[in-house]
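Asks: next input, structure requested:
(chains A and B)
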Number of protein chains: 2
Amino acid sequence: MSAIIVSGGDLAEEEAASFIRKEKERHQRVGDDLLLVAADRGLDHMMKMDITPDLIIGDFDSASEQTKGACVTYEKAGVTVIRLNPVKDDTDTEAALKETIRRSTGEITLLGGTGGHRIDHLWANLRLLGYARQQGRKMTMLDSYNRIRLLEGQEELVILKDEQYGNYLSVFPLDGVARGVSVSGVFYPLEDATLDGYASLTVSNEITEQQAVIGVTEGKLLVMETRD
Amino acid sequence: MSAIIVSGGDLAEEEAASFIRKEKERHQRVGDDLLLVAADRGLDHMMKMDITPDLIIGDFDSASEQTKGACVTYEKAGVTVIRLNPVKDDTDTEAALKETIRRSTGEITLLGGTGGHRIDHLWANLRLLGYARQQGRKMTMLDSYNRIRLLEGQEELVILKDEQYGNYLSVFPLDGVARGVSVSGVFYPLEDATLDGYASLTVSNEITEQQAVIGVTEGKLLVMETRD
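Replies: Next up, the predicted model:
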């Protein structure tokens, strides 16, 4: 069972709704379930998208009465609602991710994890990619301008030019050194590179062939596909 | 000699101009010079702020004719202009930072290094904090909502409540593990903590006493002060 978490950051709701519906159809076709999780103010996004979550989780400390009322209505309709203590260690998105990891087995997509002005929120969410991976799960952060994934040791990611997300492809080590980094099919190819500094060598590459192949043999590599 | 780099990201120009003028005055009072660097489209910001840079650096590949013309005018007036090859390894901001490190000795502030939708740009700029530190320099990233600094082994940072930047204080390890992390004077104090996971334990703390003291004994710690 795969999962989509909708968090309270910026969200292009029409686009997101279309993405969720397509994912639901795709999962139905292959006989897989898709868990839809609303993380705190992500519930507002889901209500606007007219999509019913399977799980709602958050402290709702800044939620409107309408949102709190909706929680109760959903709960009566059988949706699981987990109300967190506002004084807690985790962010709502992190708590939602942990619960999602418990309740699903496949890939996890995070929508609404970006946007807003506060870089601490964004940074914390980006690190969740590493947390998910630590738990053995693949996670994608997605918004209208960015698709961000994490690649770890001995793994290869193929991005078809026809299916790339935006025009730019950037790779960065997530924590410490990434070794044996290779990126082929792009304007600035890398072969067995060690990314250990703070160089922006690997920003704004472009896929020039039919597909880009990205690999890393040691360490964690953030793969960001972006558009302006 | 300290330095301020103005890069091409989002910038609240009035606020930035006021910051630069105050910094100029402060440096004059203590007899220190302040190097003003325009990184590529940061020049447009500086022109709008009516502040003359000491150094202009960039590839100007997406610059308007007006901006290119301004470069020539500034050059004639004695401002150093470094034109980079658009096909290069570094981002313009990184090239500007390297040149700034060569030409100054004190603290470096980066304005306009945030904003925009592309997370790869932001990520690359955040890593520059680590690069600057690797070169033995202290750097601050600043925008209307965030002040971001980096703390390294055996160092302590004191933030007076009266002078804090926004309401929230978050700390994160930058690369790998940060050990001996302490944060006092805050709602959720930390003492000799090891931050090695991807937990968001350290997001959105609040300064509750007259000052917060942040320390780390091993590793690199990002310190983010933010406001909504």
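
Asks: just to be sure, residue A:46 is in a strand?
Replies: No - Residue A:46 is assigned helix when assessed by DSSP: H, G, I helix; E, B strand; the rest coil, not a strand.

Asks: so what's it up against?
Replies: A:6, A:36, A:38, A:52, A:53 (Cβ atoms under 8 Å, 6 or more residues apart in numbering or on different chains). Bear in mind the C-beta positions are built from the backbone N, C-alpha and C, glycine included.

Asks: same thing with residue A:80?
Replies: A:54, A:55, A:56.

Asks: rerun that using 7 Å as the cut-off
Replies: Residue A:80 makes contacts with residue A:55, as judged by Cβ atoms under 7 Å, 6 or more residues apart in numbering or on different chains.

Asks: related to what we said a few turns ago, quick check, nearest of the contacts of residue A:46 to residue A:21?
Replies: residue A:36 (10.9 Å; Cβ to Cβ).

Asks: pLDDT score assigned to that closest one?
Replies: Note on residue A:36: pLDDT of 98.

Asks: most neighbours of all the contacts of residue A:46, which one?
Replies: Looking at these with neighbours defined as other Cβ atoms under 10 Å in any protein chain shown, the largest count falls to residue A:38 at 33 neighbours.

Asks: tell me what that residue is bridged to.
Replies: Applying DSSP bridges to residue A:38 gives these bridge partners: residue A:6, residue A:56.

Asks: contact partners for it?
Replies: A:6, A:46, A:53, A:56.

Asks: show me how chain A divides into domains.
Replies: A:2-144, A:149-226 (automatic domain parsing).

Asks: so, low pLDDT: which residues of chain A?
Replies: A:197-201 (pLDDT under 70).

Asks: could you pull out the strands for chain A?
Replies: Using DSSP state E, the strands of chain A run over residues A:2-6, A:34-39, A:55-58, A:80-83, A:108-111, A:139-142, A:146-152, A:155-160, A:168-173, A:178-184, A:190-195, A:211-216, A:220-226.

Asks: tell me the one among the contacts of residue A:38 nearest to chain B.
Replies: Using Cβ to the nearest Cβ, residue A:6 comes nearest to chain B of the contacts of residue A:38, at 17.7 Å.

Asks: ok, that closest one - contacts?
Replies: Contacts of residue A:6 by Cβ under 7 Å, 6+ apart are A:38, A:39, A:42, A:45, A:46, A:111, A:112.

Asks: swap in residue A:219?
Replies: A:153, A:173, A:176, A:177, A:178, A:179.

Asks: filter those to the buried ones?
Replies: Among the contacts of residue A:219, those classed as buried by neighbour count (16 or more other Cβ atoms under 10 Å in any protein chain shown) are A:173, A:176, A:178, A:179.

Asks: re the thing from before, can I get the contacts of residue A:46 in a markdown table with distance to residue A:166?
Replies: Rendered in a markdown table, the data for the contacts of residue A:46 read as follows (distance: Cβ to Cβ, whole Å):
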| residue | distance to residue A:166 |
| --- | --- |
| A:6 | 21 |
| A:36 | 25 |
| A:38 | 27 |
| A:52 | 30 |
| A:53 | 28 |
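
Asks: cheers, nothing more for now.
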